[in-house]
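> Have a look at this prediction, sequence included:
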Amino acid sequence: MMDLKLLIREVPDFPKPGINFYDITTLLKDRLGLHATIDSLASPYDDARIDLVVGIESRGFILASAVAERIGAGFIPVRKPGKLPAKAIKETYALEYGTDALEIHADALEKGQRVLIVDDVLATGGTAAAAAELVKKLGGELHGLAFLIELTFLNGKSKLAGQNVFSVLQY
Ligand code: AMP
């Protein structure tokens with residue numbers, strides 16, 4: 001088993017002082033690292049009959065579309081407000097200072113379709129919880145959420161109580 005942590009670059013004080021940023025560009029450019037990353041993220045869902053994988057803008061897109069293709073599912077983007085061209089629904093969530101919001105196309109999925117949410121990093125969990133809310137509002141059956149990296153000390157899982165949460169790497 002490849003040690004993916006060796007390929008992830010940690011950038012201190014980015015984008016602001018005190019944040020240790022996990023930069024996955026160094027992992028994505030490594031062909032064996034990329035393959036092992038998608039394998040690790042996708043294999044728990046091989047037999048989960050997932051219809052659609054939701055990726056969260058923007059690094060989530062990179063991982064989620066590859067996972068979707070690997071498990072034979074479709075892909076749905078969840079984006080920052082104002083980016084999706086057709087009718088969308090919005091979910092607002094709290095940040096440390098202020099609020100942010102995410103949107104999904106209103107016709108992105110049909111009631112009862114089985115959905116997996118994928119993102120690069122689970123930090124405080126606010127982003128993932130908002131994406132989960134969007135899926136539920138459209139009547140999707142949320143099977144679980146998968147992350148490449150979980151920052152366990154931020155306890156993001158507490159915002160995803162009752163959900164099936166998986167992470168490949170923990171810090
Ligand atoms: P949160 O809503 O706090 O769970 O933040 C999750 C989002 O912020 C994810 O989409 C990540 O891409 C990004 N993020 C948060 N913290 C980090 C970090 N330390 N390194 C890289 N990305 C991060």
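Looks like it arrived, so ask away. Bear in mind that the values here come from a model prediction, so they are computed numbers and not experimental data. Numbering: from 1, shown residues only.

> My read is that residue 99 contacts residue 90, right?
No - using Cβ atoms under 8 Å, residue 99 is not in contact with residue 90; the gap is 11.2 Å. All C-beta atoms are positioned from the backbone trio N, CA, C, and that covers glycine.

> Looking at the two, which has the bigger crowd around it?
residue 90 (14 against 9; other Cβ atoms under 10 Å).

> What is the neighbour count of the residue lying closest to residue 171 once chain neighbours are set aside?
Leaving aside its chain neighbours, residue 171 sits nearest to residue 151 (5.6 Å; criterion: Cβ to Cβ, 6 or more residues apart in numbering). Residue 151 has 19 neighbours, counted by other Cβ under 10 Å.

> Show me the helices in the protein, by range?
25-28, 31-42, 59-71, 126-137 (DSSP state H).

> For the most centrally placed residue in the chain, list each beta-bridge partner.
The centroid of the chain falls nearest to residue 119 when counting by Cα atoms, centre = their mean (1.8 Å). Counting by DSSP bridges, residue 119 is bridged to residue 147.

> just to revisit the earlier point, so which of the helices of the chain is nearest the ligand?
Smallest distance to the ligand across the helices of the chain (Cβ to the nearest ligand atom): 3.3 Å, for helix 126-137.

> Thanks a lot, see you next time.
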